[in-house]
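Visitor: Turn this into a model:
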Amino acid sequence: MFSVNDHVVFGNHGICVIKAIGPLDLSIAERGRLYYTLEPLYAQKNTIYTPVDNEKSSLRRAITREDALELIDRIPQVETVWVLDEKQREEKYKEIMKQNDCMGWMQIIKTLYLKKQKRLAEGRKNTARDDLYLKLAEDFLYGEFAAALGVEKDQVEELIGRRVREMESA
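Guide: The predicted structure follows:
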């Protein structure tokens, strides 16, 4: 069980902070059941309620600072996820996004970043679908990294680039 003020990652809401744990006085809530009251840090600011005992919930503890730095250091070794068929590729991206995992988001970002660079070098634009999945993965990953590292979300991409370049030149 989590505690109040813990950072968690919840489904497609990204990183959230637990504001309260207890029964809800709402018509949609089951009497006597405990709920987490979650506030997304970066997504729309609607309060989210999820039962504490919901086994189907995609609620997990957010990564720590050490975890974030270790993941960043592993970026050069992250495998890309490439599927030639466009529909199968999109299904693979959806599957990875549902797993709600930093490593999966990093795979999508690395794959689509490299693909985008190749397309730009060929004088072609990126596809709208690829841009969508790239943005989603970046939003989730950068939000979680920002919370773990104690930086603003818009600083994460630069921080990652700087750290990877330092590792490569060492």
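Visitor: how much space is there between Lys125 and Val156?
Guide: 25 Å (C-beta to C-beta, to the nearest Å). Yep, even glycine has a C-beta here, placed from its N, CA and C like the rest.
Visitor: who has more neighbours, these two?
Guide: Ranked by neighbour count (other C-beta atoms under 10 Å), Lys125 and Val156 place Val156 first, with 22 against 10.
Visitor: What does that one show for phi and psi?
Guide: Per-residue torsions, Val156: phi -60, psi -50 (degrees, to the nearest 10).
Visitor: I'd like to know how far it sits from Gly104.
Guide: Val156 sits 17 Å away from Gly104, going by C-beta to C-beta.
Visitor: Also Asn12?
Guide: Distance from Asn12 to Gly104, by C-beta to C-beta: 14 Å.
Visitor: what touches both of the two?
Guide: Common contact partners of Asn12 and Gly104 (C-beta atoms under 8 Å, 6 or more residues apart in numbering): Met97.
Visitor: end-to-end on stretch 82-91?
Guide: This stretch, stretch 82-91, spans 12 Å end to end (C-alpha to C-alpha, to the nearest Å).
Visitor: In contact with the residue nearest the centre of the chain, which residues?
Guide: For the chain, the residue lying nearest the average C-alpha position, counting by C-alpha atoms, centre = their mean, turns out to be Phe140 (2.6 Å). Contact analysis of Phe140 by C-beta under 8 Å, 6+ apart lists 9, 14-15, 97, 100, 105.
Visitor: which parts of the lengthiest helix in the chain are buried?
Guide: For the chain, the helix with the greatest residue count under DSSP state H is helix 128-149. In terms of neighbour count (16 or more other C-beta atoms under 10 Å), helix 128-149 has its buried residues at 130, 133-134, 136-149.
Visitor: sorry, back to before: neighbour count winner among Asn12 and Gly104?
Guide: It is Gly104, of Asn12 and Gly104, that has more neighbours when counted by other C-beta under 10 Å, with 20 against 11.
Visitor: And the more buried one, which helix or strand is it part of?
Guide: Assigned by DSSP states H and E, Gly104 falls within helix 102-121.
Visitor: can you list the residues that contact whichever helix or strand Glu168 is part of?
Guide: Element membership of Glu168, judged by DSSP H and E, is helix 156-169. Residues outside helix 156-169 that contact it (C-beta under 8 Å, 6+ apart): 69, 72-73, 75-76, 138, 141-142, 145-146, 149, 151.
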